[in-house]
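>>> my questions are about this predicted structure, shown below with the sequence.
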Number of protein chains: 2
Amino acid sequence: MKKHEAAFKRSICPVANTLDILGDKWTLLVVRDLLLGKQTYSEFQKSEEGIPSNILAERLKRLQQAGIVEKRQYQQRPVRYAYSLTEMGRELGPVVRSMIMWANKYIPGTLSMEKIEELIAKNNA
Amino acid sequence: MKKHEAAFKRSICPVANTLDILGDKWTLLVVRDLLLGKQTYSEFQKSEEGIPSNILAERLKRLQQAGIVEKRQYQQRPVRYAYSLTEMGRELGPVVRSMIMWANKYIPGTLSMEKIEELIAKNNA
């Protein structure tokens, strides 16, 4: 291992390093929800996949540590937080988008990009 | 759950369905190796990340079942197989590429797209 590679977990491969942060069944679904405009813990939990609470908490923490997500307090009593994507997080859009295009082509019945864009437009209306 | 959704594990979301196939730390590294032109078990095992043999075997099987990878026998005694991407598998190129672009921008020190393209050109020379 060369000296500048010491900080890397597995290799200097950009794919391996992306997977070290995002490589599981849940993390990119939280990023997807944030891209869709969801902001709170309870909104993430309402998503159809039913992310378990402990996994959601761990993933949000990990995404913050990676610089992908930031949280701010929006309520005092009880304390409540809203989560949003940083610039680094928003720029995962093309990764999510490429997965949507691929699945739409090869996994029949998945929700189409058009329907997803309608959903986003509705959420932002 | 609507009737046409019964076949889906978690939801009709294209991202969730992609992650059901590819969402872990290793599967896309095997796809990466195949995109780089690697074909055999021992070539995959030589990659810097050091994929454990049992994980490699399981992932290749799963990728075949998903229609992403195909194998052919290239030697009789001992029997040896070569693996390659189907069209469905090759079309994961944009997913891998978007991860490379993102990591190059946000994870300093990762191998650049330019160097990776040089590597591919060399492998195909």
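Right, received. Where do you want to start? Numbering: from 1, shown residues only, chains lettered A, B, ... in the order given.

>>> quick one: secondary structure of A:Val15?
helix (DSSP: H, G, I helix; E, B strand; the rest coil).

>>> show me the shaky parts of chain A.
Along chain A, the model assigns pLDDT under 70 to residues A:1-6.

>>> got the contact list for the residue most central in space within it?
The residue lying closest to the centre of chain A (CA atoms, centre = their mean) is A:Val31, at 1.4 Å. A:Val31 sits next to A:22, A:63, A:68, A:85, A:89, A:92, A:96 when contact means CB atoms under 8 Å, 6 or more residues apart in numbering or on different chains. C-beta: built from backbone N, CA, C; applies to glycine.

>>> one more time with 6 Å, if that's ok
A:Val31 makes contact with A:Leu92, according to CB atoms under 6 Å, 6 or more residues apart in numbering or on different chains.

>>> what parts of chain A come near chain B?
A:4, A:10-19, A:23-25, A:32, A:48-49, A:88, A:94-96, A:98-100, A:103-104, A:106-107, A:109-111 (CB under 6 Å from any CB of the partner chain).

>>> okay, and the residue nearest to the centre of chain A sits in which element?
helix A:27-35 (DSSP states H and E).

>>> now that helix: buried residues?
A:27-35 (16 or more other CB atoms under 10 Å in any protein chain shown).

>>> could you do stretch A:65-72 as well?
Applying 16+ other CB under 10 Å to stretch A:65-72 flags A:66, A:68-69 as buried.

>>> with stretch A:53-69 instead?
A:56, A:59-60, A:62-63, A:66, A:68-69.

>>> restricted to helices, list those residues.
A:56, A:59-60, A:62-63 (DSSP state H).

>>> not counting sequence-adjacent ones, nearest residue to A:Tyr83?
A:Lys71 (5.0 Å; CB to CB, 6 or more residues apart in numbering or on different chains).

>>> gap between the strand or helix carrying that neighbour and the chain center?
Element membership for A:Lys71 (DSSP H and E) is strand A:69-75. Taking CA atoms, centre = their mean, to the nearest Å, the mean C-alpha location of strand A:69-75 is offset from the chain mean by 16 Å.

>>> check which element follows it along the chain.
That would be, after strand A:69-75 and using DSSP H and E, strand A:80-85.

>>> what sits up against the helix or strand that that next one is followed by?
Sequence order places helix A:87-90 as the next helix or strand after strand A:80-85, per DSSP H and E. The contact list for helix A:87-90 (CB under 6 Å, 6+ apart) reads A:67-69, B:106.

>>> tabulate the CA atom coordinates of helix A:87-90 in PDB.
The C-alpha trace of helix A:87-90 is given here as PDB (Å, rounded to 0.1, in the frame of the first residue of the first chain):
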ATOM      1  CA  GLU A  87     -24.100  19.700  -2.000                       C
ATOM      2  CA  MET A  88     -22.200  16.400  -1.900                       C
ATOM      3  CA  GLY A  89     -25.400  14.600  -1.200                       C
ATOM      4  CA  ARG A  90     -27.500  16.300  -3.900                       C
END
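
>>> which residues sit in contact with A:Leu36?
Contacts of A:Leu36 by CB under 6 Å, 6+ apart: none found.

>>> distance of it from B:Gly89?
28 Å (CB to CB, to the nearest Å).
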